[in-house]
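Asker: Have a look; sequence and predicted model below, questions after that.
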Amino acid sequence: MGFGIEWIVYAISIYIAIFIILILIKAILKHLGYIKDIPDVSAIGVGGVGTLSAILGICLACSSAIVASFGFFFFPPVISSLLIGISVFVISDLVIKQIDKHNIHFLMDNFIINLSFLVIGLTAVFLLYGGNNEDVVIAHTSPYHIHADFRMFIEGNELNFYTPENIEKDPFVHFHDGEFEQNVIHFEGKRETLGYFFNTLNFNISNFCNYYAFIVNGQILTINYGNYIPDDLDKLMISCSKEGNFTFEQLKYEYSTMTNFSCKQSKKC
């Protein structure tokens with residue numbers, strides 16, 4: 001789940017706060033007499049303006065969820081919750097006014113209507129920040145962002161992953177295009193494994209070799225490379241072959257080709 005539940009709770013808390021604040025603002029304005037005699041007044045506009053604002057807010061919130069499903073730009077929790085909060089409040093306010101206009105009343109009618117729309121809004125926030133979209137929110141809001149240099153060799157020949165089609169293929173783990181970006185893997189939004197990186201590129205190492213040496217920061221590790229979770233400034237190298245006939249000199253030479261661009265991307269050198 002990563003930080004997902006925390007962000008959902010955060011977004012819902014923002015929404016509830018916005019909804020309550022708007023109700024209080026409306027009550028204060030009515031008490032002061034500013035909106036008492038104005039027909040079809042909502043807290044953010046008059047008549048059609050309020051309706052247009054509600055429709056715009058809902059459209060923006062829905063479009064953000066749709067765009068997020070493709071892993072691109074996503075509204076932060078504050079903005080989306082604000083849009084949903086205002087939209088739902090305006091709609092509930094207009095419904096209450098229409099009910100009053102037609103003299104339809106029942107026990108605790110205003111409270112029940114506001115509560116119903118509050119639940120609708122909370123459901124919208126949960127759907128927007130929960131489920132399959134949870135990770136996308138994390139990717140664009142969490143401060144977690146590290147970099148690692150990467151190289152891979154097959155039978156002594158480097159396999160280049162840093163190609164145009166592999167740039168920014170995944171919202172969490174990817175390459176960027178630019179100066180000092182070559183072979184630098186960006187881990188953004190949450191901690192992920194090296195195996196996850198290969199999955200984003202649809203790469204299966206077993207299709208190329210039966211044996212591999214996994215080197216991290218100059219040390220040969222005996223763990224499965226796919227389970228390794230990189231740290232900032234890691235130098236990751238995989239050398240593999242069909243027969244497993246590695247030599248120390250070969251691995252030493254291959255590792256010597258590693259760059260130090262992750263240090264520049266992390267602004268630590």
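Answerer: Received, thanks.
Asker: Got the domain ranges for the protein?
Answerer: Listed by automatic domain parsing, the domain ranges of the chain are 4-139, 144-263.
Asker: mind checking the SS state of residue 244?
Answerer: Counting by DSSP: H, G, I helix; E, B strand; the rest coil, the backbone at residue 244 sits in coil.
Asker: burial count for it?
Answerer: For residue 244, the count of nearby residues is 11 (other CB atoms under 10 Å). For glycine as for every other residue, the C-beta is placed from the backbone atoms N, C-alpha and C.
Asker: for it, what are its contacts?
Answerer: Shown in contact with residue 244 (CB atoms under 8 Å, 6 or more residues apart in numbering): 210, 211.
Asker: Mind doing that once more with 10 Å?
Answerer: Neighbour list for residue 244: 209, 210, 211, 212, 213 [criterion: CB atoms under 10 Å, 6 or more residues apart in numbering].
Asker: from what I can see, the fourth one looks like it's in a strand, true?
Answerer: Pointing back at residue 212 there. Yes - the assignment for residue 212 is a strand, going by three-state DSSP.
Asker: Check the gap between it and residue 144 for me.
Answerer: When distance is defined by CB to CB, to the nearest Å, residue 212 is 28 Å away from residue 144.
Asker: Between the two, point out the one with more neighbours.
Answerer: Shown here are residue 212 and residue 144; by other CB under 10 Å, residue 212 has more neighbours (20 against 17).
Asker: burial of the spatially closest residue to that one that is not a sequence neighbour, as a residue count?
Answerer: Nearest residue to residue 212 in three dimensions, chain neighbours excluded: residue 240, at 3.7 Å (CB to CB, 6 or more residues apart in numbering). Residue 240 sits with 21 neighbouring residues when counted by other CB under 10 Å.
Asker: contacting residues for residue 240?
Answerer: Counting by CB under 10 Å, 6+ apart, residue 240 touches 152-155, 159, 205-206, 208-214, 225, 246.
Asker: Can you tell me which of those residues is closest to residue 103?
Answerer: Nearest to residue 103 among the contacts of residue 240: residue 225, at 71.9 Å, using CB to CB.
Asker: That closest one against residue 194, yeah?
Answerer: Yes - using CB atoms under 10 Å, residue 225 is in contact with residue 194, at 5.5 Å.
Asker: quick one on the thing from earlier: for PyMOL, write a command that selects the buried ones of the contacts of residue 240.
Answerer: Entered in PyMOL, the line below selects the buried ones among those, by 16 or more other CB atoms under 10 Å:
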select buried, resi 152+153+154+205+209+212+213+214+225+246
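Asker: Next secondary structure after the longest strand anywhere in the chain?
Answerer: Determined from DSSP state E, the single longest strand within the chain is strand 145-154. Once strand 145-154 ends, the next helix or strand along the chain (criterion: DSSP states H and E) is strand 157-158.
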